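In: Just need the structure, nothing else, for what follows:
(one chain, ligands or ions: 2)
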Amino acid sequence: MVRVTASTYDIEKAAGVLRSGGLVALPTETVYGLGANAEDPAAVSRIFQVKGRPPTHPLIVHIGRAEELDDWVADVPQAARLLAEHFWPGPLTLVLRRGPRVPLEATGGLETVAVRVPDHPVALSLLAAFGGGITAPSANRFGSVSPTTAHDVLAELGDAVDFVLDGGPCEVGVESTIVDTTGDVPTILRPGGVTSEDLEAVLGYPPAVPSSSPVRVPGQHPSHYAPRARVVLVEPEQVVAEAELAQELGHRVGVFLPAPFADTPVKAHAVVAVPTAMSAYARGLYGFLRAFDRQGCDLIVASLPGEEGLGLAIANRLRRAAGPRHTV
Ligand code: TXA
Ligand code: MG
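Out: Residues are numbered from 1 along each chain as shown. Ligands and ions are numbered 1, 2, ... in the order given. Next comes the predicted model:
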């Protein structure tokens, strides 16, 4: 059954679905997740089937309170404790050594586990009602754009989900920042809602950024976060000319018009003026990409924002949307 709602009654109902091994789509502050009881290997395996995701790609375990972290992991280094205290609930995922409660199905066979406390009242109510951990990847098919509304989830997964909780549009709009705290220095595996500058302010030193992409992080696949339309990245001052040329050549072009050119007229199929505030851009990004697809665009022309603050996560997602497609 698919219900799009989030009353107290439905939170209880959703918790019951999790207890009986079902899948619940839930809102978080970043994107919607496709949740299962983290301690139910069969339910966790169903997530991979529904998403079409390779079973070796690990999931995030969502917990209700930072105090519960020790129940799920083998060891909490000091830096991880500090980051959890400062940023949870919030868009930060910590990678730690796996505790015995976490089945290997959830970690893709790894001895580490990714954990976060989401900052959304519906997600937190569900976690409290359910009482356990919820493994949840973004509620989209493998490789496509993450959903930021309950409607996106239904459009993409439909009846494959047992229950959908609607918590409104996601506030942050891009996924959580993933920080590996199992090594000497906390290392950003995926930029996201908590910025590198925020992390540095709390740690007192900059987090490391790996130079080569770890194979185990599917979010690091070039093909990830991709709309159907092909995405082309150019310099900001070339966006209008590139879009008009492609449109003249017969493409249906969607354009991300960079802020300095917001008032420039452009002949294209669909135009989005990029919000000047990076938080607004991040919040809207996946919705804009989905809208271009819905409007039948076959080509999207965009430029990268400055890679400070949230701009780093936005640039990361745009690059991956523009990267080579994989058929995994
Ligand atoms: O904001 C988010 O993080 C959203 C919401 C629903 O919480 N979730 C999300 O999940 O983006 P997913 O599955 O789409 O991305 C999780 C990322 C993957 O890139 C995965 O490889 C990485 O977390 N990950 C999970 N466990 C890991 C581990 N043990 N070591 C390294 N990376 C891990
Ligand atoms: Mg995802």
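
In: max-length strand in this structure?
Out: With DSSP state E setting the assignment, residue counts place strand 92-98 as the longest strand in the chain.

In: all helices for this structure, in order.
Out: Secondary structure of the chain, counting by DSSP state H: helices at 8-19, 41-51, 69-72, 78-87, 104-107, 121-130, 150-157, 196-203, 239-248, 278-294, 311-322.

In: by contact count, what packs against the fourth one?
Out: Meaning helix 78-87. With contacts defined as 3 or more Cβ pairs under 8 Å, 6 or more residues apart in numbering; DSSP states H and E, the packing partners of helix 78-87 are strand 92-98, helix 196-203. (Each C-beta comes from the backbone N, C-alpha and C, glycine too.)

In: Which one, of these, ends up nearest to ligand 1?
Out: With Cβ to the nearest ligand atom as the measure, strand 92-98 is the member of the helices and strands packed on helix 78-87 nearest ligand 1 (4.4 Å).

In: what angle sits between that closest one and helix 196-203?
Out: If you take axes from the mean of the first three to the mean of the last three Cα atoms, to 10 degrees, strand 92-98 sits at 60 degrees to helix 196-203.

In: do strand 92-98 and ligand 1 meet?
Out: Yes. Legend: contact between strand 92-98 and ligand 1 by Cβ under 6 Å from any ligand atom is shown at 93, 95.

In: switch to numbering from 238
Out: Sure thing, new numbering starts at 238, so read that last one as strand 329-335.

In: ok so, going back, among the helices and strands packed on helix 315-324, show me which one is buried the most.
Out: Stretch with highest mean neighbour count among these: strand 329-335 (a mean of 24; mean count of other Cβ atoms under 10 Å).

In: so that one versus helix 315-324, what angle?
Out: Going by the same axes, to 10 degrees, strand 329-335 makes 150 degrees with helix 315-324.

In: How about residue 507: which residues does it bridge to?
Out: Residue 507 forms beta bridges with residue 491, as assigned by DSSP bridges.

In: got a list of what it touches?
Out: 490-492, 528-529, 532, 534 (Cβ atoms under 8 Å, 6 or more residues apart in numbering).

In: for residue 474, same thing?
Out: Here residue 474 is in contact with residue 498 (criterion: Cβ under 8 Å, 6+ apart).

In: and it, what pLDDT?
Out: As predicted, residue 474 sits at a pLDDT of 97.

In: What is the neighbour count of the residue nearest to residue 422 when sequence neighbours are not counted?
Out: Spatial nearest neighbour of residue 422, chain neighbours left out: residue 445 (4.6 Å); criterion: Cβ to Cβ, 6 or more residues apart in numbering. Applying other Cβ atoms under 10 Å, we find 14 residues neighbouring residue 445.

In: same question, residue 541
Out: Look at residue 541: counted by other Cβ under 10 Å, it has 18 neighbours.

In: I figured it hits residue 557, correct?
Out: No. Here residue 541 lies out of contact with residue 557, judged by Cβ atoms under 8 Å, at a distance of 11.8 Å.

In: any idea how far residue 480 is from residue 517?
Out: 22 Å (Cβ to Cβ, to the nearest Å).

In: same check, this time on residue 307
Out: Counting by Cβ to Cβ - residue 307 and residue 517 are separated by 37 Å.

In: next one: residue 320
Out: Residue 320 is 26 Å from residue 517, by Cβ to Cβ.

In: quick one, which of those two is more surrounded?
Out: Legend: neighbour count by other Cβ under 10 Å for residue 320 and residue 517, higher for residue 320 (25 against 13).

In: The residue lying closest to residue 525 once chain neighbours are set aside: neighbouring residues, count only.
Out: Excluding the flanking residues, the one nearest residue 525 by Cβ to Cβ, 6+ apart is residue 509, at 4.9 Å. Burial of residue 509 is recorded as 19 neighbouring residues (other Cβ under 10 Å).
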